[in-house]
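A.B. asks: My questions are about this predicted structure, shown below with the sequence.
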Amino acid sequence: GKFMFVIPFIVTLALAISLLEAFWILPTHINTLRFDYRKPGRVQHVRAHVTHMLRVKYSLALTWVMRRPLRSAAVIALFIAGGVGAVATELVRVQFFAFDPLRIFYVNVDMPAGAPLDGTLNRLLQMEAKVREHLDPGEARAVASVAGAKFTDTEPLYGDTYGQVIVALNPRKNSMRETPEVVEAMRKDVESLPGPGQITFTQLSGGPPVQKPIRVRVRGDDYEELRAAADAMKSIVAGVPGTRDVADDDVPGRPQLVLNLDREAVKSAGLNPAQVARLVRLHVDGEIVAEMRDRGEKLEVRVRAHREPVADIASILDDPVPLPGGGSTTLAALTVQDTQAGRGVIKHYNLRRAITVDADLDKERINAVQANRMILEEWEKVRTRFPRTDLDFSGELDDIQESLDAMPVLFLLGIGLIYLILAAQFRSYFQPLMILVTVPLAFTGVAYGLLVSRNPLSLYTLYGVIALTGIAVNSAIVLISAANERLRSGMSVLHAAVYAARRRVVPVIITSVTTIAGLFSLAFGIGGKSLVWGPVAASIVWGLAVSTVLTLFAVPLLYWTFMRRGREEHLRPRRPWWRRRAASAGAIRAPGEIWDNSRP
């Protein structure tokens with residue numbers, strides 16, 4: 001989130017410096033170069049000819065639009081409605097986070113509880129051989145297998161049952177495959193390898209989000225119910241179209257021997273529970289009999305019998321145990337034994353035990369918001385089976401919600417600041433609203449651009465739309481400012497709107513084209529494609545291109561429609577009453593004034 005606020009600050013600082021350069025440094029450069037504009041060269045003649053032709057063609061097109069205001073306004077409104085409809089009907093695919101995958105991925109294996117480290121390593125070597133079969137020559141920089149550890153998107157895990165094949169790819173050149181393409185090419189064959197353990201894949205992204213698209217914490221206090229609820233959640237997640245690598249973090253531990261006292265046997269042997277517990281402790285861990293200090297450090301003296309390594313911990317139950325009244329027995333005769341799988345890890349979230357179920361998504365089929373909504377709907381059907389269990393959704397959904405909550409504030413703040421600045425500049429509360437009409441025009445351009453390019457609507461695209469609001473209004477500001485100047489000089493509203501548009505069409509186009517040219521290579525991936533910053537640049541390019549064209553016709557039409565109704569009569573110079581009456585009759589015209597009482 002902080003990173004997204006650094007970029008606008010840098011852009012603002014750069015624009016402030018460029019403004020300083022334009023006002024004070026550029027005039028000095030021009031004066032030093034000593035251009036003689038009284039002797040235009042061949043290039044100047046060509047430029048003047050092209051500029052004149054552009055103005056003439058634009059004037060004819062604008063006149064046609066102004067003569068048909070209702071029809072033209074309807075076409076513009078339908079164009080905007082089409083862009084909004086494309087997003088609303090999901091013709092434009094929504095993918096909130098489109099990231100640049102790093103050229104590295106992990107193939108993970110979770111072996112059954114109690115699996116030795118050697119068994120995990122042998123399984124990894126089998127997986128590594130299959131992975132290498134699916135790598136093209138020169139595609140991999142290194143492939144390594146690590147047993148006893150597993151790196152996840154949130155934390156590293158350690159244990160004999162964990163293993164990971166790490167695949168580092170060379171930098172992408174020419175026709176080399178992207179990381180997701182490499183993973184999908186080998187996924188089916190690797191996951192179908194015969195043998196123990198669950199195999200999953202982990203891909204790392206070059207930006208947010210840092211967690212998986214689906215991440216659901218199942219919380220409860222009763223472990224048996226919690227485990228059953230987590231299994232039900234895994235089934236629900238696996239049933240969502242496009243999910244893959246479904247897993248949870250409830251890792252089974254080593255097998256453990258649980259001893260429950262046989263009360264009758266303990267009583268018959270003349271022992272009590274505390275004595276039996278001490279006997280078990282003596283046979284397993286020994287007992288601390290004294291304390292000593294060595295160089296100031298406290299040490300405990302533990303007495304423990306020397307035992308040979310055993311393969312089965314239950315063999316200690318056959319050890320003889322002396323009885324107080326003479327004779328002996330065994331621990332097996334004093335206890336009831338049960339072998340269980342221990343807890344590999346115990347996690348809590350908000351003071352309750354939690355098991356986290358996570359999964360990756362095929363974002364070409366479904367986005368994170370839709371997937372989590374489907375999961376919640378399916379959970380509502382089975383939640384009565386787990387009354388003491390609740391859910392907490394996190395993962396990518398947290399990042400999405402945080403960004404979506406911040407965007408309306410940023411957008412309204414930007415619009416509000418733009419309105420205040422324009423209201424102070426134009427001394428009007430109404431004309432800034434005409435300028436802000438360019439904002440929906442810009443969004444329409446973004447929608448059609450995404451529709452044509454088949455790119456998804458992401459959070460980065462929405463950030464680009466917010467940035468676009470401050471860029472798209474420039475053309476409307478230039479047009480309305482020029483029209484106000486001509487209105488003050490005595491022109492009619494119609495002539496002021498048309499003449500100002502004709503005179504400012506070239507600066508408007510140049511300003512937009514230079515901005516588009518600067519972002520064009522990033523927007524269309526020329527020289528390298530970025531799924532993070534490419535959508536930001538593409539949204540600005542498409543939005544600015546479409547909004548500039550629409551602004552050149554929509555703003556003059558709006559200006560003539562609303563200004564002729566007298567809402568801004570204070571802009572028109574006051575003339576004596578006899579000149580106003582004569583002008584209305586068409587008998588007298590003041591020098592330099594152009595009035596028009598006809599309809600277009």
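C.D. replies: Thanks, I have it.
A.B. asks: Return the list of strands paired to the lengthiest strand in the chain, each annotated with direction.
C.D. replies: Identified as the longest strand of the chain according to DSSP state E is strand 156-169. As defined by DSSP bridges, the strand partners of strand 156-169 come to strand 101-110 (antiparallel), strand 140-151 (antiparallel).
A.B. asks: tell me the contacts of residue 242?
C.D. replies: Contacts for residue 242 (CB atoms under 8 Å, 6 or more residues apart in numbering) come out as 361-366, 371. Glycine gets a C-beta too; all of them are placed from N, C-alpha and C.
A.B. asks: what two of those residues have the greatest distance between them?
C.D. replies: Using CB to CB, the two most remote members of the contacts of residue 242 are 364 and 371, lying 12.8 Å apart.
A.B. asks: got any ranges where the stretch 251-400 of the chain has weak pLDDT?
C.D. replies: For the stretch 251-400 of the chain, the stretches flagged by pLDDT under 70 are 252-253, 310-311, 395-399.
A.B. asks: just the strands in it please.
C.D. replies: 252-261, 287-294, 297-303, 320-322, 328-330, 335-343, 348-349, 352-361, 390-393 (DSSP state E, counting those that start in this stretch).
A.B. asks: For whatever helix or strand comes next after the longest strand of the chain, buried residues please.
C.D. replies: Note on strand 156-169: by DSSP states H and E, the next helix or strand toward the C-terminus is helix 179-191. For helix 179-191, the neighbour count (16 or more other CB atoms under 10 Å) marks 179, 182-183, 186-187, 190-191 as buried.
A.B. asks: so where is the stretch 101-250 of the chain shaky, pLDDT-wise?
C.D. replies: In the stretch 101-250 of the chain, residues with pLDDT under 70: 101, 153-154, 205-211.
A.B. asks: Then the stretch 451-600 of the chain?
C.D. replies: Ranges of the stretch 451-600 of the chain meeting pLDDT under 70: 527-532, 565-600.
A.B. asks: tell me, how many neighbours does residue 408 end up with?
C.D. replies: Neighbour count of residue 408, defined by other CB atoms under 10 Å: 10.
A.B. asks: what helix or strand does it sit in?
C.D. replies: Using DSSP H and E, the element containing residue 408 is helix 396-426.
A.B. asks: C-alpha coordinates for the helix or strand just after that helix, PDB please?
C.D. replies: Following the chain from helix 396-426 toward its C-terminal end, the next helix or strand by DSSP H and E is helix 431-436. Presented in PDB, the C-alpha positions along helix 431-436 are these (Å, rounded to 0.1, in the frame of the first residue of the first chain):
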ATOM      1  CA  GLN A 431     -17.900  25.300 -15.600                       C
ATOM      2  CA  PRO A 432     -15.700  22.900 -13.600                       C
ATOM      3  CA  LEU A 433     -18.600  20.400 -13.900                       C
ATOM      4  CA  MET A 434     -18.400  20.600 -17.700                       C
ATOM      5  CA  ILE A 435     -14.600  19.900 -17.400                       C
ATOM      6  CA  LEU A 436     -15.100  16.900 -15.200                       C
END
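A.B. asks: For helix 431-436, name the packing helices and strands.
C.D. replies: helix 396-426, helix 459-488, helix 534-563 (3 or more CB pairs under 8 Å, 6 or more residues apart in numbering; DSSP states H and E).
A.B. asks: Tell me what angle the second one forms with helix 534-563.
C.D. replies: If I follow you right, that is helix 459-488. Interaxial angle, helix 459-488 versus helix 534-563 (axes from the mean of the first three to the mean of the last three CA atoms, to 10 degrees): 30 degrees.
A.B. asks: Tell me which residues of helix 459-488 come out buried.
C.D. replies: 459-484, 486-487.
A.B. asks: Tell me what angle that helix forms with helix 396-426.
C.D. replies: Using the same axes, to 10 degrees: helix 459-488 against helix 396-426 is 10 degrees.
A.B. asks: Just give me how far helix 459-488 sits from the chain centre.
C.D. replies: 27 Å (CA atoms, centre = their mean, to the nearest Å).
A.B. asks: The longest strand of the chain to strand 252-261, inter-axis angle?
C.D. replies: Angle, strand 156-169 to strand 252-261, by the same axes, to 10 degrees: 160 degrees.
A.B. asks: in strand 156-169, what's buried?
C.D. replies: 157, 159-167, 169.
A.B. asks: Check stretch 236-252 too.
C.D. replies: 236-237, 240, 242-243, 245-252.
A.B. asks: Next step: these restricted to helices.
C.D. replies: Judged by DSSP state H, the buried residues of stretch 236-252 include 236-237 as members of helices.
A.B. asks: ok, the buried residues of stretch 236-252 vs residue 57, which is closest?
C.D. replies: For the buried residues of stretch 236-252, the nearest to residue 57 is residue 242 (49.6 Å; CB to CB).
A.B. asks: Nice, that's everything, thank you.
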